[in-house]
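> got a predicted structure plus its sequence, pasted below:
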Amino acid sequence: MSRAIVKPGIAVLALASFATACATPPPPPVAVMAPPAGPCDESMGIEAPLLLEVPNPNRASVMAADVTAETACWSNPETGINTPYVIAQLPQSESQLLLTVIAPLDRLRTLATDVRTLDANGQVVRHFERDRFVTLGDGYSLQLTPRAEEAMVAVSVDPELVGLTHESIEMGISTSQVYTGYGTATMYHGHDLQTERSYSFEGRVVFRLLNVE
Amino acid sequence: MRKFLAVLALLATSACATPYVAIPYEADQNPVATITLIEDVGSANVMAYEFASAGGNFGLVGAIVDAGVQSSRRARVEEVLENAGFDAQAFFRTRLTEELEALGYAVEIAQIDGRNRADLMETYPDDGDEVQAYLDTVLRSYGFVSAGAGTPFRPHASVEAQLVNPDTDAVLMRNAVIYASVGQPQGQIVLSPNPRHVYNNREELLEDPDRLVDAVRAAISETAVTVARLLAP
């Protein structure tokens, strides 16, 4: 009786393992070219921001958020175009902080980030021009030193950037283990890949706060 | 071999190491009209390096053979640049000066001793009111890199820069720029190489000296332009 129960259980587990091992990974998300349908808020809501923590000296705290169709959206009066947005609260600190807002380079897309700093009332303190953005090793990024009057950072989408493509050549080294007859050895392999991505209304944004002692 | 191991160690630790600490320039907080560029931008030699080379994967004998191959390639590239009369450090300084002037800065050149080979300076002379801000730049490396056996060589340049107020010793800007980076260094600016400058092997690299020099010029020029733009008023 018990064998009759156990055997199908093992078979199901084996099948599940096999299916998992052979499952095709989902395709990478593609760039989203259309703004949120709305209706969207007339101003950004600052009631429930992500909370960034002050890291220890010479360390970084990292927080990420996915910007999707489900994210809060704002009808930007400057462009007349809806945009999803995420707000993160900057911690009060005596330390010198360096904030990097990063749109990681996904396989096919990069969030077209548009960054503003806000005061405690949600009023814009600084709005960063596109030429302040650079490609760091981590992605399409903006580095800023928060000022005393800046309480939050708002990330929305720059609609003029959406749809533009950016090509890059990515070089790196990967490793693999091989059996040599005497044991395993680590082999190093170079890769050199030409990639093309589009800026998108959706994607991931990462906030990295570094405590510069 | 030692360089290769150092690079691998760097790649292995980069995932958990503290990211590079950049300081973005806030022009409205620290307006500068005249930049004093330190003439000495380091003395890096040209490189023509294949990172994950075939020889490097085969123990001590492979490493010794690899060191010879790498050294020979580097010497040939250096010879081509010397025959062309190309001075990488002077070219970088010139391009940086041009770009800063195009942004509206007055640029002065200062001769200051005390540079270690590839490091930013630790102290700067206090020249009273004569110097508003020193721009300290180091051309850390330049030449060609390949990620590994079977991957092409691409022109490369790497620069670190900082702007310092000598009165207060405050660092007004600091950043690092890498053209054709092998790996994704956190916090450092990465410039993708121009796909036009691609060399599938040593023979292709060396067959057209003019093209080789143009490729190195392009890499250094792009890094200089990027450093200048970090100081956009």
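Received, thanks.

> quick one: the helices in chain B, in order.
B:2-14, B:59-83, B:88-102, B:202-207, B:209-229 (DSSP state H).

> ok, the fourth one near chain A or not?
This points to helix B:202-207. No - using C-beta under 8 Å from any C-beta of the partner chain, helix B:202-207 stays clear of chain A, coming no nearer than 14.4 Å. Heads up, the C-betas are built off the backbone N, CA and C, glycines and all.

> what mean pLDDT does that helix get?
Averaging pLDDT along helix B:202-207 gives 94.

> please identify the buried residues of that helix?
Applying a neighbour-count criterion of 16 or more other C-beta atoms under 10 Å in any protein chain shown, one finds B:Arg202, B:Leu205, B:Leu206 buried in helix B:202-207.

> can you check the last one too?
Of the residues in helix B:209-229, those buried by neighbour count under the rule 16+ other C-beta under 10 Å are B:212-213, B:215-229.

> please list which of those residues are also close to chain A.
Restricting the buried residues of helix B:209-229 to those adjacent to chain A (criterion: C-beta under 8 Å from any C-beta) gives B:Thr226, B:Arg229.

> out of the helices of chain B, nearest to A:Ala120?
helix B:209-229 (32.3 Å; C-beta to C-beta).

> who in chain A is up against chain B?
Chain A has residues A:58-60, A:98, A:100, A:131-132, A:134-138, A:143-145, A:167-173, A:187-192, A:194, A:208, A:210, A:212 near chain B, with proximity defined as C-beta under 8 Å from any C-beta.

> how about 6 Å then?
Residues of chain A lying close to chain B by C-beta under 6 Å from any C-beta of the partner chain are A:58, A:134-138, A:143-144, A:168-169, A:171-173, A:187-192, A:212.

> which of those fall within strands?
A:134-136, A:143-144, A:168-169, A:171-173, A:187-192, A:212 (DSSP state E).

> which of the helices and strands in chain A ranks last by mean pLDDT?
The weakest-scoring helix or strand in chain A, judged by mean pLDDT, DSSP states H and E, is helix A:2-22 (a mean of 50).

> following that helix, which helix or strand comes up?
strand A:50-51 (DSSP states H and E).

> CA atoms of the next helix or strand after that following strand as CSV?
Reading on from strand A:50-51 to the C-terminus, the next helix or strand found by DSSP H and E is strand A:60-67. The C-alpha trace of strand A:60-67 is given here as CSV (Å, rounded to 0.1, in the frame of the first residue of the first chain):
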residue,chain,number,x,y,z
ALA,A,60,26.5,51.0,-0.1
SER,A,61,22.9,50.2,0.4
VAL,A,62,21.0,49.1,-2.7
MET,A,63,17.3,49.1,-3.5
ALA,A,64,15.6,48.2,-6.7
ALA,A,65,12.1,48.6,-8.1
ASP,A,66,10.4,47.4,-11.3
VAL,A,67,8.8,50.1,-13.2
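
> who in chain B is up against chain A?
B:11, B:18, B:21-22, B:24, B:51-52, B:57, B:147-148, B:151, B:182-190, B:192-193.

> in strands, which of these fall?
Counting by DSSP E, these place B:Phe51, B:Ala52, B:Ala147, B:Gly148, B:Ile189, B:Val190 in strands.

> show me what the last one is bridged to.
Using DSSP bridges, the bridge partners assigned to B:Val190 are B:Ile178.

> hang on, it packs against A:Gly137?
Yes - look at B:Val190 against A:Gly137 with C-beta atoms under 6 Å: they come within range, at 5.3 Å.

> sketch out the low-pLDDT regions of chain B for me.
In the predicted model of chain B, residues B:1-18, B:128 satisfy pLDDT under 70.

> what is the residue nearest the centre of chain B paired to in the beta sheet?
Ranked by distance to the mean C-alpha position of chain B (C-alpha atoms, centre = their mean), the top residue is B:Ser158 at 2.1 Å. Beta-bridge partners for B:Ser158, by DSSP bridges, are B:Ser141, B:Ile178.

> ok, B:Ala48 next?
B:Phe144.

> for it, what are its contacts?
B:Arg73, B:Arg74, B:Val77, B:Gly143, B:Phe144 (C-beta atoms under 6 Å, 6 or more residues apart in numbering or on different chains).

> count the neighbours of the closest residue to chain B within chain A for me.
Of all residues in chain A, A:Gly190 sits closest to chain B, at 2.0 Å by C-beta to the nearest C-beta. The tally of other residues near A:Gly190 (other C-beta atoms under 10 Å in any protein chain shown) stands at 21.

> just checking, it touches B:Ala147?
Yes - A:Gly190 is within contact range of B:Ala147, at 3.0 Å (criterion: C-beta under 6 Å).

> what is whichever residue of chain B sits closest to chain A paired to in the beta sheet?
Chain A sits closest to B:Gly148 of chain B, with a gap of 2.0 Å, by C-beta to the nearest C-beta. Bridge pairing for B:Gly148 (DSSP bridges) gives the partners B:Ala52.

> isn't it right up against A:Gly190?
Yes - counting by C-beta under 6 Å, A:Gly190 is a contact partner of B:Gly148 at 2.0 Å.

> nearest to A:Leu90, of the contacts of B:Ala48?
A:Leu90 has its nearest neighbour among those in B:Gly143, at 41.6 Å by C-beta to C-beta.

> who's in contact with the closest one?
B:Gly143 sits next to B:Val46, B:Met47, B:Ala48, B:His156 when contact means C-beta under 6 Å, 6+ apart.

> report the contact partners of B:Pro19.
B:Gln186, B:Gly187.

> skipping adjacent residues, who's closest to residue 40 in space?
I'll assume chain A. Excluding its sequence neighbours, the residue lying closest to A:Cys40 (C-beta to C-beta, 6 or more residues apart in numbering or on different chains) is A:Cys73, at 3.8 Å.

> actually it's chain B I care about, not the one you picked
Using C-beta to C-beta, 6+ apart and skipping residues adjacent in sequence, the residue nearest B:Asp40 is B:Arg115, 4.7 Å away.
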